[in-house]
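Engineer: Need a 3D model of the following:
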Amino acid sequence: MATGQPECKIQSVRRNLRLIRHARRGDQDIQARTKNKQSPVKQSAGNKHPSENHTRDVVDSEINHELSKARYRALDLADLMFGHLVTTNLARDILQRFLVDGVVTCRKNQSKEPLRPESDEARHALEAAYANAVAHACHRTDALLEETKEPKAKYQWHWPQFPGTPIDENKLVAFLNSVADKALLTAKSINGDNSLKPRNRFAAPRDKHHAIPLSYEPDGEDMRPDFMVLPLAAFSDDLEPKADEAYVNFTAMLLAGESKSGRNAREGLIQVQRYIRGIKRAQPWLRFATGMTMGRDFVALLRGDCSGMERVELSLSDGRGCIEFIRIVLGIVLAEKEDFGHNPDVEVGERDVSADVLEASPTHFPHTDTNLMTTTSQPAIRPAFSESASKLETSSNPSRSVSSHLSSAKQFPETSSAASDGCTTSTGSKRGRSRLDGPDDETNRDGSIGGKKSKRRKRTVKLRAFIPVRVYGRKCMGILFTSGSIRGRGTTVYVVAETDDGKTYLALKTSWQDAARTDDQAAVLKRLMDNKPHPNVVIPSKLFEAEGGKADSTLGSIRAFLDDEIRQLKVENRILTVSISELKRPVAYFWSPHDFVRGLIGALLGHEYLCRIGILHRDISENNIVLPLCRDHLGNELGALIDFDMAIIGRPNMHEGSDPPSTEQDVEELLSLADQPSSPLPENDEPHRAQRTGTTPYMSIGVLRGQSHTHYDDIESFLYVLVLFFFSYAGPLEEESLRRARTQGFIQPIAAGRLPHITAWPAMFERWASGTFQEISERKYFALGPASHASFIKECFPHIRTRWASGSQPSIEPRVIGRLILDCWVMFSRQNRRVEHGQFIKVLREWLAKYAGDEEKCYVYPFDG
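Structural biologist: Predicted coordinates:
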């Protein structure tokens with residue numbers, strides 16, 4: 001086991017806090033971190049289940065939500081990122097040469113004639129621009145502490161070769177490369193140093209109609225930047241601006257950019273945020289990702305890390321803006337991959353792959369080749385069920401009412417009324433507007449929608465994908481899981497070989513943890529280590545222990561703030577943690593519904609053990625439940641619980657000492673308890689605000705309402721894991737695919753979004769992930785009401801049938817699945833959601849025993865031998 005700390009690049013500068021400002025415009029009204037609130041309560045564009053809606057409007061809205069109060073205007077960002085490559089002095093001298101050569105012009109305000117380069121007025125303009133640029137730089141000395149400003153509009157600068165409007169992408173890229181080439185030649189001449197070599201170049205995508213591959217958006221979202229930065233290897237020897245098309249993908253991209261013909265940069269900033277997310281999803285080992293947006297009169301540089309976003313916006317008609325523009329463009333061309341956020345402890349290799357690239361459409365499922373491997377707007381608020389459901393007559397015996405629906409299931413139509421909820425439309429762009437299919441459309445394995453073949457054009461392209469081959473000194477087989485967005489933990493799990501012979505696989509996890517939670521995490525791991533291991537709990541081992549200020553952190557080693565400055569910022573500081581554990585099988589690779597149910601039983605047993613030793617997990621979701629690699633010597637196949645990032649220490653045996661309501665209690669009495677208003681969320685800094693944790697679709701009603709998190713909330717989350725499972729998959733993968741996946745360590749396939757058996761959630765469950773927490777809690781509360789059982793199962797059943805009763809192969813009867821969902825749903829409803837581990841496990845075991853024959857008849861165990 002390694003003992004050193006992950007290598008991190010500490011900047012030898014001091015940030016100027018006068019230049020760091022909150023970018024408040026457009027932020028949602030969500031409280032930021034305070035001393036008593038460890039992490040902001042937010043929805044996120046990360047950690048989404050593949051069955052959730054990933055369309056452009058949804059992703060943009062969730063990015064805006066997760067970045068709320070975490071976007072900063074950092075006027076010294078260009079100096080921080082590229083100051084070690086291009087000093088302000090050098091950029092000033094290059095600007096002076098550009099003025100002489102006519103690359104730029106300058107005129108005094110109100111004058112129509114440009115200044116002569118050798119004139120005193122031109123010298124004054126350069127001096128003013130330089131002074132203003134220095135005042136906006138990071139502090140490398142104690143001088144220049146006060147910001148000085150160039151007199152507004154005294155001098156007007158102009159770049160004659162900047163393409164006219166509307167801006168053509170190819171002309172813009174040619175302009176950027178021309179500026180970079182001329183700046184590099186000038187720098188060599190000024191410094192007398194011919195050793196300066198370009199490492200990267202700007203490029204524009206050749207394909208104007210298809211999204212750029214490998215952004216890992218399962219719904220084929222329109223991810224096509226106007227320009228990008230690629231390594232020099234992507235270009236021919238004569239440095240043509242056209243890059244090799246194989247390199248035009250998100251795994252090779254160093255920077256993504258958008259051009260806007262208008263003066264308003266905001267639309268471009270929103271698009272670039274999405275591209276930055278795409279880069280981080282395709283390259284989850286990055287410590288941060290970078291983007292640009294440009295217009296006729298402005299340039300903006302953005303950098304996103306797990307604490308949020310920094311950006312600097314510059315005017316190209318301003319002297320300081322011209323100096324910083326030169327630094328940015330030349331710095332980008334000279335930068336090493338670490339300057340774009342690459343983690344030096346992750347070695348990356350190249351692999352040629354093929355991918356089907358479709359026309360940009362936010363709801364299409366990309367083709368999946370399971371032989372390959374690597375990573376992977378809120379809708380309008382509606383009632384929890386369709387209008388027709390609300391008109392159903394309620395029965396005094398909900399269980400019997402729903403049973404009647406199960407027995408007469410063949411009467412129901414093939415599609416639910418929820419499937420006609422309508423569609424949304426993507427936001428406009430210069431590439432046109434495209435229709436989005438409704439979230440309830442059934443999806444075929446070939447990517448077509450609603451039982452029809454897709455008519456969208458596609459083509460197969462050869463790609464050069466960049467993949468991790470060695471991670472923290474261990475041979476890497478691929479990526480098992482990544483939840484990357486911009487802000488958040490950015491958890492990534494790699495499959496690594498225990499030894500280089502590759503015979504035994506382990507799971508290596510990297511995650512950017514809130515520094516305010518380090519004590520809690522240490523206490524949880526110590527409690528786990530101090531107690532006897534449990535077969536249904538996977539305990540990680542830390543690879544690295546941070547010592548003093550050596551930890552790789554977002555606000556420290558990336559943004560270069562000192563400890564006293566970090567305390568002044570109202571955004572969380574995150575520390576990179578690395579741990580390793582035994583490899584288990586993700587839920588997506590189940591071989592039968594019974595296999596999943598046994599996995600759920602194991603996770604419940606593991607959770608019960610955690611409660612016994614005084615640990616509250618607080619983040620129950622499908623991603624945190626794993627299945628066994630194979631049967632043990634006794635034939636057991638129970639699952640386990642993983643991931644203690646959000647766990648806290650509580651009292652031992654916390655699940656004992658409180659009597660849950662009996663199933664015989666009067667339903668109206670339980671409802672009267674549930675109807676009591678929940679405690680409102682405080683507007684101050686009360687610490688319990690931070691206790692609302694978890695993954696939104698799986699959160700309990702009480703947690704969504706802001707109430708104290710108890711073990712009952714975790715058990716309720718297990719219920720949502722059970723229910724959503726049957727609407728996330730159209731049966732298991734084929735037997736051969738499961739065998740191959742196990743051989744490869746269950747790594748995610750290259751050039752794929754969803755696995756072929758994953759389906760989009762129906763609208764009734766998509767609404768568990770959309771809207772405010774209060775709205776989601778109301779939908780779940782209504783669905784769990786005894787008067788809603790009939791409408792709930794009627795709404796569910798058509799979706800169960802289309803997923804589990806299709807195809808020529810034998811499959812389990814939909815009514816068998818419906819019975820399991822019904823029995824569990826009614827139990828939680830009658831007990832006011834206060835269900836004990838043993839009660840839940842009993843229902844699951846009874847179902848397994850009753851329908852064991854269905855498993856033997858319909859499914860084949862694939863992992864023998």
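
Engineer: quick one: pLDDT of Leu17?
Structural biologist: You'll see Leu17 listed with a pLDDT of 72.

Engineer: Was I right to think it contacts Gln568?
Structural biologist: Yes: contact criterion CB atoms under 8 Å: Leu17 and Gln568 qualify, at 6.6 Å. Where C-beta positions appear, they are placed from N, C-alpha and C, glycine not excepted.

Engineer: between the two, who's got more neighbours?
Structural biologist: Leu17 (15 against 9; other CB atoms under 10 Å).

Engineer: What separation is there between the residue lying closest to Met646 once chain neighbours are set aside and Val538?
Structural biologist: Spatial nearest neighbour of Met646, excluding adjacent residues (CB to CB, 6 or more residues apart in numbering): Asp619 at 4.2 Å. Distance from Asp619 to Val538, counting by CB to CB, to the nearest Å: 14 Å.

Engineer: and the residue nearest to Met646, how many neighbours does it have?
Structural biologist: The number of residues packed near Asp619 is 21, by other CB under 10 Å.

Engineer: same deal with Ser307?
Structural biologist: By other CB under 10 Å, neighbour count at Ser307 equals 26.

Engineer: Does Ala783 touch Cys796 like I think?
Structural biologist: No: judged on CB under 8 Å, Ala783 makes no contact with Cys796 at a distance of 10.0 Å.

Engineer: If you count surrounding residues, which of these two has more?
Structural biologist: Cys796 (27 against 23).

Engineer: where exactly do the helices run in the stretch 251-400 of the chain?
Structural biologist: 266-282, 319-334, 387-390, 398-407 (DSSP state H, counting those that start in this stretch).

Engineer: Need phi/psi at Ile575.
Structural biologist: phi -120, psi 130 (degrees, to the nearest 10).

Engineer: Can you name the residues that contact it?
Structural biologist: Residues in contact with Ile575 (CB atoms under 8 Å, 6 or more residues apart in numbering) are 512-513, 515, 518, 546, 551-554.

Engineer: Enumerate the beta-bridge partners assigned to it.
Structural biologist: Gln513, Ser553 (DSSP bridges).

Engineer: Tell me the confidence at it?
Structural biologist: 94.

Engineer: do the same with the one 10 residues further on
Structural biologist: Arg585 carries a pLDDT score of 96 in this model.

Engineer: Next one: it relative to Asn536, how far apart?
Structural biologist: 14 Å.

Engineer: Those two: which has the busier surroundings?
Structural biologist: Arg585 (24 against 21).

Engineer: ok, for that one, nearest residue in space, not its chain neighbours?
Structural biologist: According to CB to CB, 6+ apart, the nearest residue to Arg585 is Leu627 (4.2 Å).

Engineer: Can you report how many residues lie near the one you found?
Structural biologist: 25.

Engineer: and it, what does it touch?
Structural biologist: With contact taken as CB under 8 Å, 6+ apart, Leu627 is in contact with 584-587, 589-590, 595-596, 598-599, 637, 639.

Engineer: phi, psi of Thr492?
Structural biologist: phi -130, psi 130.

Engineer: Is it bridged to anything, and to what?
Structural biologist: Under the criterion used (DSSP bridges), Thr492 bridges to Thr482, Thr510.

Engineer: Quick check: the closest residue to Val537 other than its chain neighbours vs Thr491, distance?
Structural biologist: Closest residue in space to Val537, ignoring its immediate chain neighbours: Gly606 at 4.3 Å, by CB to CB, 6+ apart. For Gly606, the distance to Thr491 equals 19 Å [CB to CB].

Engineer: more neighbours, those two?
Structural biologist: Gly606 (24 against 21).

Engineer: just the helices in the stretch 51-200 of the chain please.
Structural biologist: 56-66, 77-82, 88-101, 120-135, 169-191.

Engineer: Just the ones of the contacts of Leu627 in helices?
Structural biologist: Judged by DSSP state H, helices contain the following of those: 595-596, 598-599.

Engineer: What distance do you get for the closest residue to Lys337 other than its chain neighbours to Ser307?
Structural biologist: Ranked by CB to CB, 6+ apart and with sequence neighbours excluded, the top spatial neighbour of Lys337 is Leu254, at 7.2 Å. Distance, Leu254 to Ser307, by CB to CB: 21 Å.

Engineer: Same check on Leu616?
Structural biologist: When CB to CB is the yardstick, Leu616 and Ser307 sit 26 Å from each other.

Engineer: Could you do Ala523 as well?
Structural biologist: For Ala523 relative to Ser307 (CB to CB), the value is 24 Å.

Engineer: Also Ala560?
Structural biologist: Noted for Ala560: a distance of 13 Å to Ser307, by CB to CB.

Engineer: thinking Pro738 is in contact with Asp864, fair?
Structural biologist: Actually, residue 738 is Leu rather than Pro. No: Leu738 is beyond contact range of Asp864, at 11.5 Å (criterion: CB under 8 Å).

Engineer: So those two - more neighbours on which side?
Structural biologist: Leu738 (21 against 8).

Engineer: Skip the chain neighbours and tell me the closest residue to that one.
Structural biologist: Pro862 (4.3 Å).

Engineer: On the three-state scheme, that neighbour is what?
Structural biologist: Here Pro862 is coil, with the state taken from DSSP: H, G, I helix; E, B strand; the rest coil.

Engineer: wait, what's in contact with it?
Structural biologist: Contacts of Pro862 (CB under 8 Å, 6+ apart): 591, 735, 738-739, 742.

Engineer: Report the separation between it and Leu508.
Structural biologist: Taking CB to CB, one finds Pro862 at 26 Å from Leu508.
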